[in-house]
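S.K.: Generate coordinates for the sequence data below:
(chains A, B, C and D)
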Protein chains: 4
Amino acid sequence: MSSLRTPDPNPGWLSEFALDETRSRVPILYVEAIPVRVDGHGQVEHVGMLLRGSATGTMTRSLVSGRVLHGESLRDALMRNLEKDLGPTAFPQLPASITPCTVGEYFPLPGVTPLHDPRQHAVSLVYVVPVTGDCAPRQDALELTWLTPEEAVHPRVSEELEGGRGLLVRQALAHVGALPA
Amino acid sequence: MSSLRTPDPNPGWLSEFALDETRSRVPILYVEAIPVRVDGHGQVEHVGMLLRGSATGTMTRSLVSGRVLHGESLRDALMRNLEKDLGPTAFPQLPASITPCTVGEYFPLPGVTPLHDPRQHAVSLVYVVPVTGDCAPRQDALELTWLTPEEAVHPRVSEELEGGRGLLVRQALAHVGALPA
Amino acid sequence: MSSLRTPDPNPGWLSEFALDETRSRVPILYVEAIPVRVDGHGQVEHVGMLLRGSATGTMTRSLVSGRVLHGESLRDALMRNLEKDLGPTAFPQLPASITPCTVGEYFPLPGVTPLHDPRQHAVSLVYVVPVTGDCAPRQDALELTWLTPEEAVHPRVSEELEGGRGLLVRQALAHVGALPA
Amino acid sequence: MSSLRTPDPNPGWLSEFALDETRSRVPILYVEAIPVRVDGHGQVEHVGMLLRGSATGTMTRSLVSGRVLHGESLRDALMRNLEKDLGPTAFPQLPASITPCTVGEYFPLPGVTPLHDPRQHAVSLVYVVPVTGDCAPRQDALELTWLTPEEAVHPRVSEELEGGRGLLVRQALAHVGALPA
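M.R.: Numbers count the residues shown, from 1 in each chain, chains lettered A, B, ... in the order given. The predicted structure follows:
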């Protein structure tokens, strides 16, 4: 599955025009990963979040997130986006099951659902991914910060997370038994 | 969530041309449902499959399956497709969690993965859905048949299922603890 | 599975002495159910909690909870405890899969883990169970109250829940996509 | 959680007499692990099975399996049993979530359910556990063999697995998307 190739010559990448048009036609499929550090028994100890400068000059937090390209498997899309955001030495350990821990539904209008994305209707498959190596985010992600579960669910952190993703973080921590009491 | 509306005037339905074009650009998101009859304790006793006449005159089996439209929530897409294929009196009971029991990845080329769809790269979120009412499939689905788990995983039935979906049936039965020993 | 019978003449019920002795030897297996009301699309709208008078005169909240007896299947244990706490006309709909949505680990010493049970080391399999009928709790459960997800995760309600089970409620709501934003 | 200690002086281990007595009173809680080798994208490639000489001189296959001791957390029980059966250099990677991929119910009478255990009523929480190191089973497990998913679900292998656990292997492979087509 990981080296899956289709005969389609389309490279998966779309022009901005084609992507905008497509976004008005169908929900766009994303994968999202919440990087974590685990102890020797698999228990989550820290949650990784990307800290970015937004277009408006404020700081925002985000998860590892990206589109699934045409012809690309979910595992390939996850690995590609993890490497893009965490660098080549993060050594992410994808779970044995590709069934997501939760599914995010983003609509263009804020307030319709807890999650929103002004660009599009998007559906994201969300995974908790332990990483064991060194993370070196690429240029436009200024910093990767490791937070304890208590810090990760703090209301201020939730507000800084783009698109309402503070909810996804709490859902994912609940899934791995690391939601603070 | 269930009566979610976006201000988008686009009704979600696409012309054949626009749909074909879109299919060449991005993976298309589907929901698939495996209708089941359960006993009083929730244990699956029968699996519902649709029996259709194919274009080549042979009989094929299929699951409840359909695209998620632009602006449509996953629960709405599931209910719309269940009603389309099982009629208005099936009374499907969607699970409390919208996280799928498994995810299907379909590629246009047969043999790349166990699942294939000659029309497109599709990703489907798969659910086991108990139905309690009477099922009356619409015209082009000739019959809904209820099979025991043993019958449902029979190799001949698996072969009759479109696109390699016999694997999805076995995955779903494993999920609900009804895979024959 | 639901009418499973073993030839063991032991009725599963133990004397207080035998139960105390057993509790000092092995972890005791429980099932716990969080009753919910769902809308027509399966989305959780209300959470049911039992309000009991405790031995010390204060009010405490609890979930549907009980031991799995010797020779009893998980589904039978769930149905027995649901009927015990919600009465015979609650019509609980057990999920098609018996895999729990989360697992609770209770230790006798408070503070070791978020969950504790002064009587014993217990492990509970936790399920979200939609109920469609009328709930009439038996005598020692004074009241069944239906709370919105927002009310159910309120800190005061969490404190009233026995043994730290407020955490289980939040984990279960996260699982069904009903954790408040 | 992993270094959890209760003040209970009881070491968890029971005399044969006390264990037999306990087994007649309550279901006994087990953890079971299916060791796997995964590729760089997390996809399961091989399944590990223990090959033992049975008391009757025939060869039987088994999974990593053991009781949860009094006062022991699930993660500790998993790690202890993995080390017992795979040796100290197997480096098992417990999943981030302790919710099992499936639950096994064993009854003393064969034929009541697909799983049986002549000694007891047991309930096991089942996990798929990637191992990255060298496995050196202890003395009474003669050999650890790595099978492809196709080999692992072969009827002859299923028959050699104790207690009907061939079903658990197929359920686990279905869970991780590695059930052969």
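S.K.: which strands and helices sit next to the lengthiest helix in chain A?
M.R.: Ranked by residue count under DSSP state H, the longest helix found in chain A is helix A:74-86. Here helix A:74-86 touches strand A:28-38, strand A:64-67, strand A:122-130, going by 3 or more Cβ pairs under 8 Å, 6 or more residues apart in numbering or on different chains; DSSP states H and E. Just so you know, the C-beta spots here come from the backbone N, C-alpha and C atoms, and that holds for glycine as well.
S.K.: could you dump these to CSV with distance to residue A:73 and mean pLDDT?
M.R.: Shown next, in CSV, are the helices and strands packed on helix A:74-86 (distance: least, Cβ to Cβ, whole Å; pLDDT from 0 to 100):
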stretch, distance to residue A:73, mean pLDDT
strand A:28-38, 10, 98
strand A:64-67, 13, 96
strand A:122-130, 12, 98
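S.K.: out of those strands, which comes closest to residue A:84?
M.R.: strand A:64-67 (6.8 Å; Cβ to Cβ).
S.K.: Which neighbours in the sheet does the helix or strand just after the longest helix of chain A have, and how are they oriented?
M.R.: Counting by DSSP states H and E, the next helix or strand C-terminal to helix A:74-86 is strand A:102-106. According to DSSP bridges, strand A:102-106 forms sheet pairs with strand A:122-130 (antiparallel).
S.K.: Centre of the chain to the strand it pairs with, how far?
M.R.: 6 Å (Cα atoms, centre = their mean, to the nearest Å).
S.K.: cool, and stretch A:122-140?
M.R.: That offset, for stretch A:122-140, works out to 6 Å (Cα atoms, centre = their mean).
S.K.: again with stretch A:133-147
M.R.: Distance of stretch A:133-147 from the chain centroid (Cα atoms, centre = their mean) equals 13 Å.
S.K.: Same question for stretch A:86-101.
M.R.: Using Cα atoms, centre = their mean, the offset of stretch A:86-101 from its chain centre is 11 Å.
S.K.: What of stretch A:97-104?
M.R.: For stretch A:97-104, the distance to the chain centre is 12 Å (Cα atoms, centre = their mean).
S.K.: so how far is the first residue of that stretch from its last?
M.R.: Taking Cα to Cα, to the nearest Å, stretch A:97-104 runs 18 Å from one end to the other.
S.K.: what comes into contact with that stretch?
M.R.: A:30, A:32, A:74-75, A:115, A:122-128, A:165, A:168, A:171-172, A:175-176, B:74, B:98-103, B:125, C:174, C:177, D:42, D:97, D:101, D:128, D:175-177 (Cβ atoms under 8 Å, 6 or more residues apart in numbering or on different chains).
S.K.: on that earlier part again, and the angle for the longest helix of chain A with strand B:102-106?
M.R.: 100 degrees (axes from the mean of the first three to the mean of the last three Cα atoms, to 10 degrees).
S.K.: Tell me how far helix A:74-86 lies from the chain's centre.
M.R.: 9 Å.
S.K.: Let me see the mean pLDDT of that helix.
M.R.: Taken as a whole, helix A:74-86 carries a mean pLDDT of 96.
S.K.: near chain C, which residues of chain A show up?
M.R.: Residues of chain A lying close to chain C by Cβ under 8 Å from any Cβ of the partner chain are A:102-103, A:114, A:164, A:166-167, A:170-171, A:174-175, A:177, A:179, A:181.
S.K.: Quick one: buried ones out of those residues?
M.R.: A:102-103, A:114, A:164, A:166-167, A:170-171, A:174-175, A:177, A:179 (16 or more other Cβ atoms under 10 Å in any protein chain shown).
S.K.: Poorly predicted segments of chain A, please.
M.R.: Low-confidence segments of chain A (pLDDT under 70): A:1-12, A:54-55, A:139-141.
S.K.: Alongside chain D, which residues does it contribute?
M.R.: Residues of chain A lying near chain D (Cβ under 8 Å from any Cβ): A:1-2, A:36, A:38-44, A:75-76, A:78-79, A:93-99, A:101, A:128, A:130, A:175-177.
S.K.: ok, now with 6 Å
M.R.: Residues of chain A found near chain D (Cβ under 6 Å from any Cβ of the partner chain) are A:1-2, A:39, A:41-44, A:75, A:79, A:94-98, A:128, A:175-177.
S.K.: Buried ones in the helix or strand hosting residue A:52, by neighbour count?
M.R.: Element membership for residue A:52 (DSSP H and E) is strand A:44-53. Going by neighbour count (16+ other Cβ under 10 Å), the buried part of strand A:44-53 is A:44, A:46-50, A:52.
S.K.: what's it packed up against?
M.R.: strand A:28-38, strand A:59-62, strand A:143-147 (3 or more Cβ pairs under 6 Å, 6 or more residues apart in numbering or on different chains; DSSP states H and E).
S.K.: The longest one packs against which elements?
M.R.: Contacts defined by 3+ Cβ pairs under 6 Å, 6+ apart place strand A:28-38 against strand A:44-53, strand A:64-67, helix A:74-86, strand A:122-130.
S.K.: and what of the shortest one?
M.R.: Secondary-structure packing of strand A:59-62 (3+ Cβ pairs under 6 Å, 6+ apart): strand A:44-53.
S.K.: For the strand it packs on, C-alpha coordinates in CSV please.
M.R.: Extracted C-alpha coordinates of strand A:44-53, given in CSV (Å, rounded to 0.1, in the frame of the first residue of the first chain):
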residue,chain,number,x,y,z
VAL,A,44,0.9,9.8,26.0
GLU,A,45,3.1,12.3,27.9
HIS,A,46,3.3,15.2,25.6
VAL,A,47,1.4,16.6,22.6
GLY,A,48,3.1,18.4,19.8
MET,A,49,1.6,21.6,18.3
LEU,A,50,2.9,23.8,15.5
LEU,A,51,3.1,27.5,16.2
ARG,A,52,2.8,29.6,13.1
GLY,A,53,2.6,33.3,12.3
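S.K.: What lies in contact with it?
M.R.: A:35-39, A:59-62, A:141-147, A:152, A:176, A:178, D:96 (Cβ atoms under 6 Å, 6 or more residues apart in numbering or on different chains).
S.K.: Can you turn the buried part of these into a PyMOL selection?
M.R.: In PyMOL, this line selects whichever of these come out buried by 16+ other Cβ under 10 Å:
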select buried, (chain A and resi 35+36+38+60+61+62+141+144+147+152+176+178) or (chain D and resi 96)
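S.K.: thinking again about what came up before, ok, which of the helices and strands packed on helix A:74-86 comes nearest residue B:20?
M.R.: Nearest of those (Cβ to Cβ): strand A:28-38, 17.5 Å.
S.K.: Parallel or antiparallel, which strands does the closest one pair with?
M.R.: Per DSSP bridges, strand A:28-38 is paired in its sheet with strand A:44-53 (antiparallel), strand A:64-67 (antiparallel), strand A:122-130 (parallel).
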